[in-house]
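Colleague: need a structure here:
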Amino acid sequence: MDKDNAIEVKDVRKKFKIYYDKGSDLKDRILFHKRSHYEDRWVLKGISFSVKKGEAVGLVGHNGCGKSTTLKLLTKILYPDEGSIEMCGRVSSLIELGAGFHPDMSGRENIYTNASIFGLTKKEIDARMEDIIAFSELEEFIDNPVRTYSSGMYMRLAFSVAINVDANILLIDEILAVGDANFQKKCFDKLREIKANGTTIVIVSHALEQIEQICETSYWIEDGLIKDSGTPKIVHEHYLKSMERKRVDYLEKVHAAENEKKNQAQNSGDSSTSEKPEEKEEKLPDFCDKTAIRMGTGDVKFTNAEILGENGEKQYVFDTDDKITVRLQYESYKKGLKGNFGYGVFREDSLHCYGTNVSIESGGFVPVQDKGTVEVTFQNSLLPGKYFLDVAVHSHDGIIFDDIRRVQSFAVTSDKQDIGVCRLKSQWKADGKILSRGEDNNESGT
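Modeller: Alright, predicted model coming up:
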């Protein structure tokens, strides 16, 4: 095993027996012995990856692709049928909500039980007890039986124990999806803290934004194999595009089946008049960057996107503090829609710099016309670098009409000496005397 790695997974394969109709008792098994027939279903078909010490990685994919199975193999709840897994250090896991908790024991008693499973001694648990209780915010309920806890309280206690065992490796399966917004933020802050202290983290989640905020690498598992890996945002865009294509293909099959039935009814069984839907992948329009990815229902579609300077002309290089206008033209193929238009800005390394939409800014939505134009102007506070623009339009309930990632790119230059992602207006004082005055900007940038 490489000394720099915390986890090494090499050509791991895992299968499960799927019974057709297994007898439930001895009588059934004797009289209906054929019901015990089964097939081997390979969930993992040879995956390999490694995780460096102190690195955070995410596992993504649709339900049943093998994400959770992989995590259970890492925790040694399951063992591979083929291949090998090597891990270095103490492992703490959050695989199932409240796993290992006894419902009739109090929260405090369950802390001792759960922490001992992770390998802590009673002395170590005693030293961490107050920190665990304080983080869970369950002080007034800690001596109540956990069967009286809500699912959110279960999660708080389980998470609090798992992150306070000083593990070298932390494995998390969807558990951050439970709990209120404040506690989720607290969990994220704690994950960043323990990651900064050198803990290796593996997260399985359908909430892709969680992985993008924490992880350096994502692995997309598809049909038991790793289909793509790399920078989370890029991998997730490929994954979402694939899922969108499958959804559209399914709708086309349903539509084709409905048309086939109509044609058969109209032509008394003469299927020669039925048309097979054409299978083709839509070509990206010329206004999109060659690396762009597009998804959505297509009820509303962007027909052009332009990045403009203060003179109203197309521009692709801006100075820090310039004003930038994004002009979007669209067409609608349904009547009476309302759209939530938005944009996002990402640095070349996929760092999410900023994102907003009409609903956030105004509290409302745009009545969609047959053909229309939407513009947004903002003050550019970004520091030098290459950036990508994302644009999207959603329905009021979140249905994606059109979403184009990396629709266009632009660059920012500056003669300033600031470092970081963006400029923050600052004013310095020493002993009450102003040393520098932040630049005033009374004009609205939007």
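Colleague: Check what pLDDT residue 310 gets.
Modeller: Looking at residue 310, its pLDDT reads 93.
Colleague: Oops, could you answer that again for residue 400 instead?
Modeller: pLDDT, residue 400: 91.
Colleague: before we move on, what about residue 214?
Modeller: pLDDT, residue 214: 86.
Colleague: before we move on, what about residue 238?
Modeller: Note on residue 238: pLDDT of 84.
Colleague: To what extent is the closest residue to it other than its chain neighbours buried, counted in neighbours?
Modeller: Nearest residue to residue 238 in three dimensions, chain neighbours excluded: residue 228, at 5.4 Å (CB to CB, 6 or more residues apart in numbering). The way it works is simple: take the backbone N, C-alpha and C, and place the C-beta from them, glycine included. Residues near residue 228, counting by other CB atoms under 10 Å, number 17.
Colleague: Return the distance of the helix or strand that contains residue 228 from the chain's centre.
Modeller: Using DSSP states H and E, residue 228 maps to strand 225-230. On the basis of CA atoms, centre = their mean, to the nearest Å, strand 225-230 sits 15 Å off its chain's mean C-alpha point.
Colleague: average model confidence for stretch 431-442?
Modeller: The model assigns stretch 431-442 a mean pLDDT of 67.
Colleague: Would you mind listing where this protein has pLDDT under the threshold?
Modeller: 19-37, 96-99, 175-180, 248, 251-252, 268-282, 436-446 (pLDDT under 70).
Colleague: Against residue 427, how distant is the residue nearest the centre of the chain?
Modeller: With distances taken as CA atoms, centre = their mean, residue 208 lies nearest the centre of the chain, 0.2 Å away. Distance, residue 208 to residue 427, by CB to CB, to the nearest Å: 39 Å.
Colleague: cool, residue 413 as well?
Modeller: From residue 413 to residue 427 the distance is 25 Å (CB to CB).
Colleague: about what we covered before: residue 60 is in contact with the residue nearest to the centre of the chain, correct?
Modeller: Yes - the pair residue 208 / residue 60 is scored as a contact, 6.5 Å apart, by CB atoms under 8 Å.
Colleague: Now for those two: what residues contact both?
Modeller: Common contacts of residue 208 and residue 60 (CB atoms under 8 Å, 6 or more residues apart in numbering): 236, 239.
Colleague: Spell out the secondary structure type for the residue nearest to residue 375 when sequence neighbours are not counted.
Modeller: Spatial nearest neighbour of residue 375, chain neighbours left out: residue 327 (4.9 Å); criterion: CB to CB, 6+ apart. Secondary structure, DSSP: H, G, I helix; E, B strand; the rest coil: residue 327 is strand.
Colleague: Might one say that residue 327 is in contact with residue 306?
Modeller: Yes - the pair residue 327 / residue 306 is scored as a contact, 4.6 Å apart, by CB under 8 Å.
Colleague: tell me which element residue 69 falls in.
Modeller: Per DSSP H and E: helix 67-75 holds residue 69.
Colleague: now do residue 213
Modeller: Judged by DSSP H and E, residue 213 forms part of helix 208-214.
Colleague: Any buried residues in that helix, and which?
Modeller: 208, 210-212, 214 (16 or more other CB atoms under 10 Å).
Colleague: residues of the host helix or strand of residue 263 that come out buried?
Modeller: In this structure, residue 263 sits in helix 232-266 according to DSSP H and E. Neighbour-count burial for helix 232-266 flags 232-237, 239-240, 242, 244, 248, 263 (criterion: 16+ other CB under 10 Å).
Colleague: Pipe these into TSV and attach distance to residue 296 per row.
Modeller: Shown next, in TSV, are the buried residues of helix 232-266 (distance: CB to CB, whole Å):
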residue	distance to residue 296
232	21
233	18
234	19
235	20
236	16
237	13
239	15
240	10
242	14
244	7
248	10
263	29
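Colleague: which among the residues you listed gets closest to residue 135?
Modeller: Closest approach between the buried residues of helix 232-266 and residue 135, by CB to CB: residue 232, at 26.5 Å.
Colleague: Please give me every residue in contact with that closest one.
Modeller: Residue 232 sits next to 58, 208, 211-212, 215-218, 350 when contact means CB under 8 Å, 6+ apart.
Colleague: Three-state assignment for the residue nearest to it when sequence neighbours are not counted, please.
Modeller: Nearest residue to residue 232 in three dimensions, chain neighbours excluded: residue 218, at 4.1 Å (CB to CB, 6+ apart). Here residue 218 is recorded as strand under three-state DSSP.
Colleague: what is residue 218 paired to in the beta sheet?
Modeller: On the basis of DSSP bridges, residue 218 is bridged to residue 58, residue 230.
Colleague: Tell me how many other residues surround it.
Modeller: Other residues close to residue 218 by other CB under 10 Å number 24.
Colleague: Would you mark the buried spots in stretch 328-344?
Modeller: Under 16+ other CB under 10 Å, the buried positions of stretch 328-344 are 328-330, 332, 337, 339-344.
Colleague: Following the chain past the helix holding residue 69, name the next helix or strand.
Modeller: strand 82-87.
Colleague: Downstream of that next one, the next helix or strand is which one?
Modeller: In N-to-C order, the element after strand 82-87 by DSSP H and E is strand 91-94.
Colleague: just how off-centre is that next one within its chain?
Modeller: Strand 91-94 sits 20 Å away from the centroid of its parent chain (CA atoms, centre = their mean).
Colleague: elements contacting it?
Modeller: helix 67-75, helix 151-162, strand 169-173 (3 or more CB pairs under 8 Å, 6 or more residues apart in numbering; DSSP states H and E).
Colleague: Please verify my assumption that residue 87 contacts residue 6.
Modeller: Yes - in terms of CB under 8 Å, residue 87 counts as a neighbour of residue 6; the distance is 6.7 Å.
Colleague: Right, I'll call it a day here.
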